[in-house]
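Enquirer: this is a predicted model, with the sequence first.
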Amino acid sequence: QQQVKQSPQSLIVQKGGISIINCAYENTAFDYFPWYQQFPGKGPALLIAIRPDVSEKKEGRFTISFNKSAKQFSLHIMDSQPGDSATYFCAAMKAAGNKLTFGGGTRVLVKP
Amino acid sequence: KAGVTQTPRYLIKTRGQQVTLSCSPISGHRSVSWYQQTPGQGLQFLFEYFSETQRNKGNFPGRFSGRQFSNSRSEMNVSTLELGDSALYLCASSSPSYEQYFGPGTRLTVT
């Protein structure tokens, strides 16, 4: 059972553009939603995370939007740069459980 | 603070052998989780340890096991290796506010 669905699988964006990645979850017990960035040969790096008591969180060029009623959340990367080219994973977790359920990943390519 | 360290970084084993991977969490973090990453199945949770006790376990066969020591360092063991166990094994260290920080992983190849 795929509890977190992520789309699109891949994304090409021009430098300076906006990258948007969407995730949907099924388990209403989830209460912590992080995003990770992974470069080839590296482990995932925590980018930004949100809890369901807020609808939006922004850190630098990265913004999470959260829609609790729709059970969806998304990552927006503003002013995308070639250095942002990586695979991005959304995840969800019951905060006390420390068990992350990951989406399938989105490979983002930012063209100069 | 130093990040999560994992050893070894690369490993090649033969079917039927066993392997032990090691993880040292961020200083002060008491929870360690393990994940398997493959191109086909993505990132999947293996198990989580807190204060030397396994608190959560994913849907993996009993060949996959782990333990945690009193200094929070953790090891995972895979016995009777199969070709399908070839993967990147990731360890994550959890902060008290539930943020998980990943190590660089151990790339296991089973031939």
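Expert: Thanks, I have it.

Enquirer: who are the packing partners of the helix or strand where A:A24 lies?
Expert: Using DSSP states H and E, A:A24 sits in strand A:19-25. For strand A:19-25, the elements it packs on are strand A:4-7, strand A:10-14, strand A:72-77, strand A:86-92, strand A:106-111, judged by 3 or more Cβ pairs under 8 Å, 6 or more residues apart in numbering or on different chains; DSSP states H and E. Yep, even glycine has a C-beta here, placed from its N, CA and C like the rest.

Enquirer: switch the cut-off to 7 Å
Expert: With contacts defined as 3 or more Cβ pairs under 7 Å, 6 or more residues apart in numbering or on different chains; DSSP states H and E, the packing partners of strand A:19-25 are strand A:4-7, strand A:72-77, strand A:86-92.

Enquirer: parallel or antiparallel, which strands does the second one pair with?
Expert: Translated: strand A:72-77. According to DSSP bridges, strand A:72-77 forms sheet pairs with strand A:19-25 (antiparallel), strand A:62-67 (antiparallel).

Enquirer: right, so of these, which gets closest to B:F64?
Expert: Proximity to B:F64 (Cβ to Cβ) singles out strand A:19-25 among these, at 25.5 Å.

Enquirer: centre of the chain to that closest one, how far?
Expert: 6 Å (Cα atoms, centre = their mean, to the nearest Å).

Enquirer: what of stretch A:26-41?
Expert: 6 Å.

Enquirer: what's the answer for stretch B:14-24, then?
Expert: With Cα atoms, centre = their mean as the basis, stretch B:14-24 stands 10 Å off its chain's centre.

Enquirer: next, the angle strand A:86-92 makes with the strand holding A:A24.
Expert: Relative orientation of strand A:19-25 and strand A:86-92, computed by axes from the mean of the first three to the mean of the last three Cα atoms, to 10 degrees: 30 degrees.

Enquirer: quick check: buried residues in the next helix-or-strand element following strand A:19-25?
Expert: Remark: after strand A:19-25, the chain's next helix or strand is strand A:33-38, criterion DSSP H and E. In terms of neighbour count (16 or more other Cβ atoms under 10 Å in any protein chain shown), strand A:33-38 has its buried residues at A:F33, A:P34, A:W35, A:Y36, A:Q37, A:Q38.
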